[in-house]
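>>> sequence first, then the predicted structure, then my questions.
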Amino acid sequence: MLVLSRKKGESVIIQDNIEITILEVNAETVKIGFKAPRDIEILRKEVYAMIEQTNKESAIQNVNIQALKDRINNKK
Amino acid sequence: MELQTSRFGTITVEEDMIYSFSNGIPGFEGENSFILISPEEDKPLSYLQSVNNGDLAFIITDPFVFYPEYDFELPESAIADLEIESVDQVIIQSIISINGDMEAATMNLIAPIVINTNNRVGKQVVLGNVSYTTKHPLFALADK
């Protein structure tokens, strides 16, 4: 991993068109600004991790599809 | 090709049935090919079956059936990845999660499965800046 020290207000440029700026530094929290083309996906890692986890739980194991269908039809 | 699945038995998969997920989906990054199984009698449920792993399938559904007010803007990155040109070529589905109790079944609204039916590519799109989560109850709200 490349490690750089930056102060508040300083930036890093990646590949000409992605700019990451340190906006605010507090004891535990750093506020970071991103400037990037709209087709670049920027996500909080924990969101991705949560989706990974949910997907793993969602892979069908012994789900009783009939029971699920019955339950859905009951609500109608 | 013949695909042995643990859920649906043996399926004859034709090339034109396959949807390509170039980066897989989160947690299953190596799974790049899926087919949609939508039995008429199972509506509104469908299944996303991996072509490379017969044991891997997901229950999916039309999220708007359960959450009519569900609303989001597709990120530019997804529109570009999927080469989407118009809304009518797009299918939106959500993965259902069931762990034990059927009443506690949930669906993932923060990361819908988005498919472009024209070029047969798909992606689980992670929505940023929305209040949705990975686990919205399927029943509790709908029954009220």
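That came through fine.

>>> how about B:Q89, nearest residue that isn't a chain neighbour?
Excluding its sequence neighbours, the residue lying closest to B:Q89 (CB to CB, 6 or more residues apart in numbering or on different chains) is B:N118, at 4.5 Å. To be clear about C-beta, it is placed using only N, CA and C from the backbone, and glycine gets the same treatment.

>>> that neighbour: what secondary structure?
Under DSSP: H, G, I helix; E, B strand; the rest coil, B:N118 falls in the coil class.

>>> equivalent analysis for A:V47, please.
Classification of A:V47 using three-state DSSP returns helix.

>>> A:E57 should be in a helix, yeah?
Yes. Counting by three-state DSSP, A:E57 falls inside a helix.

>>> distance of it from B:I95?
Taking CB to CB, to the nearest Å as the measure, A:E57 falls 10 Å from B:I95.

>>> quick check: B:L138 touching B:F66?
Yes. If you go by CB atoms under 8 Å, B:L138 and B:F66 touch, sitting 5.9 Å apart.

>>> quick one: the biggest strand by length in chain A near chain B?
Identified as the longest strand of chain A according to DSSP state E is strand A:18-25. No. Using CB under 8 Å from any CB of the partner chain, we find that strand A:18-25 stays clear of chain B, coming within 12.8 Å at best.

>>> for the record, mean pLDDT for that strand?
In this model, strand A:18-25 has a mean pLDDT of 96.

>>> strands paired with it, and their directions?
Its sheet considered, strand A:18-25 pairs with strand A:11-14 (antiparallel), strand A:30-35 (antiparallel) by DSSP bridges.

>>> okay if I get these as CSV plus mean neighbour count and mean pLDDT?
Formatted as CSV, the strands paired with strand A:18-25 follow (neighbours: other CB atoms under 10 Å in any protein chain shown; pLDDT from 0 to 100):
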stretch, mean neighbour count, mean pLDDT
strand A:11-14, 12, 96
strand A:30-35, 12, 96
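
>>> need those in a markdown table with distance to B:F58, can you?
Output for those, formatted as a markdown table (distance: least, CB to CB, whole Å):
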| stretch | distance to B:F58 |
| --- | --- |
| strand A:11-14 | 34 |
| strand A:30-35 | 31 |
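
>>> thought B:D88 was touching the residue nearest to B:Q89, still the case?
No. The pair B:N118 / B:D88 is not scored as a contact, 9.5 Å apart, by CB under 8 Å.

>>> pick out whichever of these two has more residues nearby.
B:N118 (14 against 7; other CB atoms under 10 Å in any protein chain shown).

>>> give me phi/psi at that one?
The phi/psi pair for B:N118 (degrees, to the nearest 10) reads phi -70, psi -50.

>>> please apply the same query to B:D71.
According to degrees, to the nearest 10, B:D71 has phi -150, psi 130.

>>> what about it, neighbour count?
Using other CB under 10 Å, B:D71 has 9 other residues around it.

>>> quick one, what contacts it?
Shown in contact with B:D71 (CB atoms under 8 Å, 6 or more residues apart in numbering or on different chains): no residues.

>>> again, but for the one 4 residues further on
Residues counted as contacts of B:P75 (CB under 8 Å, 6+ apart) are A:R38, A:E41, B:V125, B:L127, B:G128.

>>> after the lengthiest strand in chain B, next one along is what?
For chain B, the longest strand by residue count, based on DSSP E, is strand B:90-97. Scanning forward in sequence from strand B:90-97 by DSSP states H and E, the next helix or strand is strand B:106-107.
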